[in-house]
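Student: Test case, fold it:
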Amino acid sequence: MEQYVIKGGHPLIGEIEVEGAKNAALSILTAAIMINESIMINNIPDVSDINVLLEAFIIIGATVKRIDRHTVQINGGTIDSVSVNCEFVKRIRASYYLVGALLGKYRKAEVPLPGGCNIGSRPIDQHLKGFRALGADVSVHHGVIVASADNLRGAHIFLDIVSVGATINIILAASLAKGNTVIENAAREPYVVDVANFLNGMGADIKGAGTDIIRIKGVEHLHSKSYSIMPDLIEAGTYMFAAAATRGNVLIKNVIPKHLEAMMTKLKEIGCIVEEFDEAVRVCAKWKLKKTYVKTLPYPGFPTDMHPQIAVALTLASGISIVTESIFENRFKYVDELIRMGAHIKVERNTVIIEGTSKLTGARISVPDLRAGAALVIAGLAAEGITVVDDIIYIQRGYENFEQKLRSLGAKIEKVSSETEIQKFMFRAG
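Tutor: Next up is the predicted model:
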């Protein structure tokens, strides 16, 4: 089993470029199988979630060709099954997009219930509500979503909660339904805008993406058009808070600064210097960080996927900070690991209360989920001494070349797979 071993205490300094957004890529790649022509998708991150999804496409008959590490050509015209009968696809949350895509294209789909990180209850009832409103019969049998429709027709759908996944899934199905669909209380995240832009480029008629009311006029078919995935705002945010926690100075390139406004605001509040450029941001932490209050909210609020990262930075801030989680109730598994490292932190219901300390110390810690894993690596980078991070398979789901990128900023971090390799690292690190 692979691990990270880290010698902390070194500020991150330099420049780094983020990859395409995993969350956008998963939905856009799935939308690509809705046409019967070859289509080229660029700026795809090379992470395990993407590779699992592409393998699922191959299993149902789609033609998938990797042009290079970040470019794939897909042809959905060779699909010969709407039953995604593969156990491994359950490992990724975004497998549910296959329901919307296959239902829209073929009027039927059978897809296993999704897995992903255990960060709390993430029901798919809003997805199913949307499909039913469009005229589909939907049920769940033995852990499989079964959906079918003689005809898909436009409908007025009000989402009971703001859900990125449900918004995108309904867009996929409604794009090829007959008539007009209106989604109210829709998610406004950039991922929704990116998939809508992609579909519109292929001939769909979607208006209002990025607002809470999205209007879709169904079309008979879609056509091929190459597309480049948007930059990953969560990867960018992770390096921004890594710079803050390590008292570093990092220029993060290939970003859309507008997407990072909530994070930049908090970084300024805690005492960082933040510079904004056309396609880059710089974060410099010259002084000890200051306390703040954070509440996670749907976009454009502070992202839930950045909750653990800012919490780590705040363990090293002056005073008492509070992080309130309003999206997922089980985002707090990282807390026990931070306590092992000397953090003064406790959970009360959906809130983390953090009393800043002067330092963290290295320890052996375990990754509970993707974003918490990235945050715990940041803690190791900021801590004194050696930190060993177990279960890094979660981190590899969403970050490409994580340890290599951190090393380019001066971090002392290596991927290892045995106790012997850990001892060798410790000897070299001194």
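
Student: any idea how far E419 is from the closest residue to I60 other than its chain neighbours?
Tutor: Among residues not flanking I60 along the chain, S81 sits closest, at 4.7 Å (Cβ to Cβ, 6 or more residues apart in numbering). Where C-beta positions appear, they are placed from N, C-alpha and C, glycine not excepted. The span separating S81 from E419 equals 45 Å under the rule Cβ to Cβ, to the nearest Å.

Student: Mind checking which of those two has more residues around it?
Tutor: Higher neighbour count among S81 and E419: S81, with 13 against 10, using other Cβ atoms under 10 Å.

Student: which ones are touching that one?
Tutor: Residues counted as contacts of S81 (Cβ atoms under 8 Å, 6 or more residues apart in numbering) are 59-61.

Student: State the three-state secondary structure for it.
Tutor: Classification of S81 by DSSP: H, G, I helix; E, B strand; the rest coil places it in coil.

Student: quick one, phi psi at it?
Tutor: Backbone geometry at S81, expressed as degrees, to the nearest 10, gives phi -150, psi 140.

Student: Make residue 1 into 36 and carry on from there
Tutor: All right, first residue 36 from here; so that's S116.

Student: State the mean pLDDT of stretch 50-60.
Tutor: Here stretch 50-60 scores 97 as its mean pLDDT.

Student: I misspoke; the intended subject was stretch 226-246.
Tutor: For stretch 226-246, the per-residue pLDDT averages 98.

Student: cool, and stretch 451-464?
Tutor: Rounded mean pLDDT across stretch 451-464 is 92.

Student: Show me what the host helix or strand of V370 packs onto, helices and strands only.
Tutor: Following DSSP states H and E, one finds V370 within helix 369-375. Helix 369-375 sits against helix 342-349, strand 379-383, strand 399-401, helix 405-417, with contacts defined as 3 or more Cβ pairs under 8 Å, 6 or more residues apart in numbering; DSSP states H and E.

Student: if we can go back for a sec, what's the pLDDT at the residue nearest to I95?
Tutor: Reported pLDDT for S116: 95.

Student: now the contacts of S116 in a markdown table, with neighbour count and distance to N86?
Tutor: Formatted as a markdown table, those follow (neighbours: other Cβ atoms under 10 Å; distance: Cβ to Cβ, whole Å):
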| residue | neighbour count | distance to N86 |
| --- | --- | --- |
| I94 | 14 | 13 |
| I95 | 23 | 16 |
| G96 | 15 | 18 |
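
Student: any idea which of the residues you listed is the one closest to N365?
Tutor: I94 (30.7 Å; Cβ to Cβ).

Student: picking up where we left off before, the contacts of S116 in strands, which ones?
Tutor: Judged by DSSP state E, strands contain none of those.

Student: Return the member of these nearest to T246.
Tutor: Once Cβ to Cβ is applied, the member of those that ends up nearest T246 is I95, at 33.6 Å.

Student: Now do the contacts for the closest one.
Tutor: 114-119.

Student: again, only this time at 6 Å
Tutor: 114, 116, 119 (Cβ atoms under 6 Å, 6 or more residues apart in numbering).

Student: Looking at the residues you listed, which is nearest A279?
Tutor: V119 (41.1 Å).
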